[in-house]
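In: Sequence and predicted structure are below.
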Amino acid sequence: MNREIPYKIYLEENEMPDKWYNVRADMKKKPAPILNPATLQPVGVEDLEPVFCTELAKQELDDTTAYFEIPEEIRNFYRMYRPSPLVRAYCLEEKLQTPAHIYYKFEGNNTSGSHKLNSAIAQAYYAKKQGLKGVTTETGAGQWGTALSMACSYFDLDCQVYMVKCSYEQKPFRREVMRTYGANVTPSPSMNTNVGRKINEEFPGTTGSLGCAISEAVEAATSQEGYRYVLGSVLSQVLLHQSVIGLEAKTALDKYGVKADMIIGCAGGGSNLGGLISPFVGEMLRGEADYQIIAVEPASCPSLTRGKYVYDFCDTGKVCPLAKMYTLGSGFIPSANHAGGLRYHGMSSVVSELYDQGLIEARSVEQTEVFAAAEQFARVEGILPAPESSHAIKVAIDEALKCKETGEAKNIVFGLTGTGYFDMYAYQKFNDGVMSDYIPTDEEIAKSLEKVPKID
Ligand SMILES: *Cc1c(COP(=O)(O)O)cnc(C)c1O
């Protein structure tokens, strides 16, 4: 096999982007505006300010500015772990005996172990600049809470994390990493907030959900002086910060004259996928190039492939603004069986709109086949992937095997969002042969969708 292209395409520090790219600026039909849950009117910065940092609220609502300067302080932090490598998966290609060329953009090279640090550091920076004391947030699988604790300790901000109770119990080491970085971690639902007490009363013994932890974190932010709420996915500001992934990937491919045919990413709230594909979708929107883009979601929480494109609440407590998105209903609680951070009921409004316009495709995959792909990848490529990332691996392998049949040498690029060292409980279940695939029935989804608000 000809191995002219290096295994790892590293960029120089000065090739790191100095601006984030806002794909909404190039969309002719924009994502629908987010609505105030009380008035059902589009929100303005003044509506968001009590909850979000002002600069982040502005980024959230700006769908016309194409490029945002990355502040020097954030770029300095990025330099500690970026540019991240684009890796040519020669060993996986050889193992699969495929003519396809497989590349992955690896975001697991920092202590938080995922891409989430790219936005955490930006959000902490704007909170600090605004003179806040601290921020509150929720975390499901724990990666976001970890990234945010690192970012807050860097800028000397207080960090309060509401961690979904079942993860809090199942992932004690994640919790300990957060505490090591100085964060205060509370299992959710807790007795600290009104919404937590209410949920505990209504569902005694509940092990929590992301939607419920969001409601608690928002309440904690708005009830303490000098605090704001921050979120690790779904929001357009997070996609904006994550565009650093796609911009670097594009620079690295361009450097070697490689044109991607297919770009694949896992989709939970849509931030890594949105960030990875943004510059490529921008080219599609401007009519400069064409790509096949695939969002991969778990069959247990299939918002794009089986959800509805409607306005819905972003949280269980219904305190956050309403967003038009592909959703399974804010009351949808995915099977506790499912490992990892792709368990959100909705999807980024940007990714939802791109999907609705037919610019991207979506596929859902089952948990056991995802772990089989993860192991296949780990054994030849040397990285133990996060279960979330392994959804993308699964589809990349499927597509590479299709190329083997057709003899096409397609260039496949996928996002390897993180490492799976804190997911060994799930790997253990897979290795012991006791992992199951839970797929919600049509009735379950329909029942949950009945409760979405009726707004046109
Ligand atoms: C959180 C997470 C995801 C999913 O979140 P998105 O916002 O959809 O990107 C994927 N991979 C890893 C490793 C994560 O931590």
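Out: Looks like it came in fine.

In: Tell me the residues of the stretch 251-400 of the chain that contact the ligand?
Out: Within the stretch 251-400 of the chain, the positions near the ligand by CB under 6 Å from any ligand atom are 266-273, 341-342, 386, 388-389. Yep, even glycine has a C-beta here, placed from its N, CA and C like the rest.

In: okay, those in a markdown table with distance to Glu283, secondary structure and neighbour count next?
Out: Output for those, formatted as a markdown table (distance: CB to CB, whole Å; DSSP: H, G, I helix; E, B strand; the rest coil; neighbours: other CB atoms under 10 Å):
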| residue | distance to Glu283 | secondary structure | neighbour count |
| --- | --- | --- | --- |
| Cys266 | 22 | strand | 32 |
| Ala267 | 20 | coil | 33 |
| Gly268 | 25 | coil | 27 |
| Gly269 | 24 | coil | 29 |
| Gly270 | 19 | coil | 34 |
| Ser271 | 20 | helix | 33 |
| Asn272 | 19 | helix | 32 |
| Leu273 | 16 | helix | 34 |
| Gly341 | 29 | coil | 26 |
| Leu342 | 27 | coil | 25 |
| Ala386 | 28 | coil | 30 |
| Glu388 | 26 | helix | 28 |
| Ser389 | 24 | helix | 32 |
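
In: Between all of the residues you listed, which two are separated the most?
Out: Farthest-apart pair in these is Gly270 and Ala386; separation 16.2 Å (CB to CB).

In: now that we're looking at the residue most central in space within the chain, how far away is Asp398 from it?
Out: Central residue of the chain (CA atoms, centre = their mean): Ser271, 3.9 Å from the mean position. Ser271 is 23 Å from Asp398, where distance means CB to CB, to the nearest Å.

In: again with Asn272
Out: From Asn272 to Asp398 the distance is 19 Å (CB to CB).

In: Check Cys166 too.
Out: Following CB to CB, the distance that separates Cys166 from Asp398 is 30 Å.

In: likewise Ser84?
Out: Taken as CB to CB, the span from Ser84 to Asp398 is 25 Å.

In: same question, Gly246
Out: In terms of CB to CB, Gly246 sits 22 Å off from Asp398.

In: which residue ranges form the strands in the stretch 101-250 of the chain?
Out: 101-106, 134-139, 158-164, 184-188, 227-229 (DSSP state E, counting those that start in this stretch).

In: which stretches of the stretch 301-450 of the chain form helices?
Out: Assigned by DSSP state H, counting those that start in this stretch, the stretch 301-450 of the chain shows helices spanning 303-306, 349-356, 367-381, 387-406, 424-431, 442-449.

In: and what of the stretch 1-150 of the chain?
Out: Secondary structure of the stretch 1-150 of the chain (DSSP H, counting those that start in this stretch): helices at 45-48, 54-61, 72-78, 90-96, 117-129, 143-155.

In: Let me know the angle separating the last one from strand 184-188.
Out: By that I understand helix 143-155. With axes from the mean of the first three to the mean of the last three CA atoms, to 10 degrees applied, the angle from helix 143-155 to strand 184-188 works out at 160 degrees.

In: now helix 143-155 against strand 158-164, angle please.
Out: Counting by the same axes, to 10 degrees, helix 143-155 lies at 170 degrees to strand 158-164.

In: re earlier: for the ligand, which of the helices of the stretch 1-150 of the chain is the nearest?
Out: helix 143-155 (3.4 Å; CB to the nearest ligand atom).

In: ok, the worst-scoring helix or strand of the chain on mean pLDDT near the ligand or not?
Out: Least confident helix or strand of the chain, by mean pLDDT, DSSP states H and E, is helix 165-170 with a mean of 89. No - judged by CB under 6 Å from any ligand atom, helix 165-170 and the ligand are separated, with a smallest distance of 11.9 Å.

In: And that helix, what does it pack against?
Out: Where contact means 3 or more CB pairs under 8 Å, 6 or more residues apart in numbering; DSSP states H and E, helix 165-170 is packed against strand 184-188.

In: Any idea which of the strands of the stretch 101-250 of the chain gets closest to the ligand?
Out: Closest of the strands of the stretch 101-250 of the chain to the ligand is strand 134-139, at 9.2 Å (criterion: CB to the nearest ligand atom).

In: which residues touch Phe313?
Out: Phe313 makes contact with Pro37, Gly211, Cys320, Leu322, Ser330, Val452, Pro453, according to CB atoms under 8 Å, 6 or more residues apart in numbering.

In: State the distance from it to Asp456.
Out: Phe313 is 16 Å from Asp456, where distance means CB to CB.

In: where does this protein have low pLDDT?
Out: 1, 337, 339-340 (pLDDT under 70).

In: can you do 80?
Out: 1-2, 316-319, 333-341, 343, 456 (pLDDT under 80).

In: Can I get the helices of the stretch 1-150 of the chain in JSON lines including mean neighbour count?
Out: Formatted as JSON lines, those follow (neighbours: other CB atoms under 10 Å):
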{"stretch": "helix 45-48", "mean neighbour count": "16"}
{"stretch": "helix 54-61", "mean neighbour count": "21"}
{"stretch": "helix 72-78", "mean neighbour count": "17"}
{"stretch": "helix 90-96", "mean neighbour count": "17"}
{"stretch": "helix 117-129", "mean neighbour count": "26"}
{"stretch": "helix 143-155", "mean neighbour count": "26"}
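
In: Distance to Phe203 added to those, as CSV?
Out: Shown next, in CSV, are these (distance: least, CB to CB, whole Å):
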stretch, distance to Phe203
helix 45-48, 30
helix 54-61, 31
helix 72-78, 40
helix 90-96, 44
helix 117-129, 30
helix 143-155, 23
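
In: With distance to the ligand as added columns, please give the ones you listed in a markdown table.
Out: Below are the helices of the stretch 1-150 of the chain laid out as a markdown table (distance: least, CB to the nearest ligand atom, whole Å):
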| stretch | distance to the ligand |
| --- | --- |
| helix 45-48 | 20 |
| helix 54-61 | 15 |
| helix 72-78 | 18 |
| helix 90-96 | 19 |
| helix 117-129 | 9 |
| helix 143-155 | 3 |
